[in-house]
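Enquirer: Sequence first, predicted model second:
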Amino acid sequence: MRHPVPAHSEGVTARPGYTDAPWEKPTLLRREWLAALAIFGLIGVLVPLAHVLLPEGAALRPSTYLVTLTGKILCYATVAVALGLIWGFAGILSLGHGLFFALGGYAFGMYLMRQIGRDGSYGKDLPDFMVFLDWKTLPWFWQGSDQWWWAMLMVVFVPGLLALVFGWFAFRSRIKGVYLSIVTQALTYAAMLLFFRNETGFGGNNGFTDFKRIFGVSITAPGTRAALLAASALWLLIAFLACRFIVRSKYGRVLEAIRDAETRTMFLGYDPVPYKLAAWVFSALLCAIAGALYVPQVGIINPSEMSPANSIEIAVWVAVGGRGTLVGPIVGAFLVNLAKSFFTQAFPQLWLFFLGTLFIVVTLALPNGVVGLLRRRRETNK
């Protein structure tokens, strides 16, 4: 059965009303893919190896700061790919994806807090914030958090269940467009307020920090940092390939049809709810696992990660790189966060002004983002 063509599908040369495949014009040429793979190999393989094998003080040895910053941005890039999947290919603009990222971080952070043991400030088995609040026993939802496999299960289960329940009610109610964006923003804001409360058992406004060990080894050891960086790079690669497989499949074509003409797609016999819900939950899981990798690298997780501003910033990454592509969100995440790292050190007062200006310029002058601009120039030069 032939499906209707989304009006502005990525890389599509459309006959009136139909197309042969949404990947007829690739976003990147073969030589560009080779260059991208070379850069990925440099970041995900050579940087960790150099950090571990080269002696400290060597000219070519990446610093601890660089390794941590790179790992953090790789996690952000995975979140950008996850949002790019549902926004660029399903038309679902979420302004609450930071919530799923933070929940994954909190779930794994509970395990890291239990790994501190008696090495905390109070020398007790309970996490320091619980001792400070004069708690005598662990809350029921902390049971099992000292086991890494239970923590990984919670990293997937909690954000996935929340995404499933929220998505089912939202999509069944036909909430979409700006209304869905507002609801997702309200959801993450409500969660942030909840986690700020000390009695919830998640450390209040300080969150979780002062981690000592992960899987029984020092969390600050060079080998641990290198392994976390490599794991973040691997997860980004897996997320990218999985999303690429989705958008190139028949399921992906239906998602694009729902994005551009949901009512017409329904008339053709497709129920949009399961298609949108599956993409939504999958996107949330990508964010959650990225959050679990993020926390041990930066050494802290607190409710500010659930701030609506953080979720809006994720949308900026996707817009800057190029909505409707999968490479674009990665490019946008790296460009914006490298700029953020520079501005917050050199001109901390100007960062938010720069971010707002960047979003306005991209919206007005580069509606297809940096990748769209490069693709248009490539086609013009042919």
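Expert: Cool, the structure landed.

Enquirer: G299 and W351: what is the separation?
Expert: 21 Å (Cβ to Cβ, to the nearest Å). (C-beta placed from N, C-alpha, C; glycine too.)

Enquirer: cool, and L194?
Expert: 28 Å.

Enquirer: okay, those two: which has more neighbours?
Expert: With other Cβ atoms under 10 Å as the criterion, L194 and W351 differ in neighbour count, and W351 comes out ahead with 17 against 12.

Enquirer: is it true that the more buried one touches T344?
Expert: Yes - W351 is in contact with T344 according to Cβ atoms under 8 Å; the separation is 5.2 Å.

Enquirer: where in this structure is pLDDT low?
Expert: Low-confidence segments of the chain, defined by pLDDT under 70, span residues 1-35, 382.

Enquirer: in what helix or strand does the residue nearest the centre of it lie?
Expert: Among the residues of the chain, the smallest C-alpha distance to the mean C-alpha position (Cα atoms, centre = their mean) belongs to V79, namely 1.2 Å. Using DSSP states H and E, V79 maps to helix 64-90.

Enquirer: Tell me which stretches of this protein form strands.
Expert: Taking DSSP state E as the test, the strands found in the chain are 208-209, 213-214, 217-218, 300-301.

Enquirer: Next up, phi/psi of S94, please.
Expert: Note on S94: its backbone torsions stand at phi -100, psi 130 [degrees, to the nearest 10].

Enquirer: which ones are touching it?
Expert: 83, 86-87, 180-181, 184, 280, 283, 311, 315 (Cβ atoms under 8 Å, 6 or more residues apart in numbering).

Enquirer: Which one of those residues is nearest to K136?
Expert: Minimum separation from K136 among these (Cβ to Cβ) is found for S311, which lies at 36.5 Å.

Enquirer: Count the residues that sit near the nearest residue to T64 once chain neighbours are set aside.
Expert: Leaving aside its chain neighbours, T64 sits nearest to R225 (6.6 Å; criterion: Cβ to Cβ, 6 or more residues apart in numbering). A count of neighbours around R225, defined by other Cβ under 10 Å, yields 22.

Enquirer: Am I right that R225 is in contact with T68?
Expert: Yes - at 6.7 Å, R225 counts as touching T68 under the criterion of Cβ under 8 Å.

Enquirer: can you list residues touching both of those two?
Expert: Shared contacts of R225 and T68 (Cβ under 8 Å, 6+ apart): Q297.

Enquirer: All the helices of this structure, in order from the start?
Expert: 30-41, 47-53, 64-90, 97-116, 128-132, 148-172, 178-195, 222-247, 250-267, 272-298, 308-321, 327-346, 351-365, 369-380 (DSSP state H).

Enquirer: Could you dump the ones you listed into JSON lines with distance to N205 added?
Expert: As requested, the helices of the chain are arranged in JSON lines below (distance: least, Cβ to Cβ, whole Å):
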{"stretch": "helix 30-41", "distance to N205": "37"}
{"stretch": "helix 47-53", "distance to N205": "33"}
{"stretch": "helix 64-90", "distance to N205": "21"}
{"stretch": "helix 97-116", "distance to N205": "14"}
{"stretch": "helix 128-132", "distance to N205": "10"}
{"stretch": "helix 148-172", "distance to N205": "21"}
{"stretch": "helix 178-195", "distance to N205": "9"}
{"stretch": "helix 222-247", "distance to N205": "26"}
{"stretch": "helix 250-267", "distance to N205": "39"}
{"stretch": "helix 272-298", "distance to N205": "17"}
{"stretch": "helix 308-321", "distance to N205": "15"}
{"stretch": "helix 327-346", "distance to N205": "21"}
{"stretch": "helix 351-365", "distance to N205": "21"}
{"stretch": "helix 369-380", "distance to N205": "35"}
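
Enquirer: Centre of the chain to stretch 361-376, how far?
Expert: Using Cα atoms, centre = their mean, to the nearest Å, the mean C-alpha position of stretch 361-376 is found 21 Å from that of the whole chain.

Enquirer: first to last residue in it, what's the distance?
Expert: Terminal residues of stretch 361-376 lie 18 Å apart, using Cα to Cα, to the nearest Å.

Enquirer: which residues touch it?
Expert: Applying Cβ under 8 Å, 6+ apart, the set of residues contacting stretch 361-376 from outside is 27, 316, 318-325, 327-328, 331-332, 335.

Enquirer: Now stretch 295-303 - C-alpha only, CSV.
Expert: Included here for stretch 295-303 are C-alpha records, laid out as CSV according to Å, rounded to 0.1, in the frame of the first residue of the first chain:
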residue,chain,number,x,y,z
VAL,A,295,25.2,11.5,36.3
PRO,A,296,28.4,9.6,37.2
GLN,A,297,30.4,11.8,34.8
VAL,A,298,29.3,15.2,36.2
GLY,A,299,29.0,14.0,39.8
ILE,A,300,25.6,15.4,40.6
ILE,A,301,21.9,15.3,39.9
ASN,A,302,19.4,17.7,41.3
PRO,A,303,15.9,19.0,40.5
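
Enquirer: The chain should start at 827 in everything you say after this.
Expert: Sure, I'll start numbering at 827, so the last one becomes stretch 1121-1129.

Enquirer: Against A1056, how distant is L875?
Expert: Where A1056 is concerned, L875 sits at a distance of 9 Å (Cβ to Cβ).

Enquirer: just V1197 next, same as before
Expert: Between V1197 and A1056 the distance, using Cβ to Cβ, works out to 26 Å.
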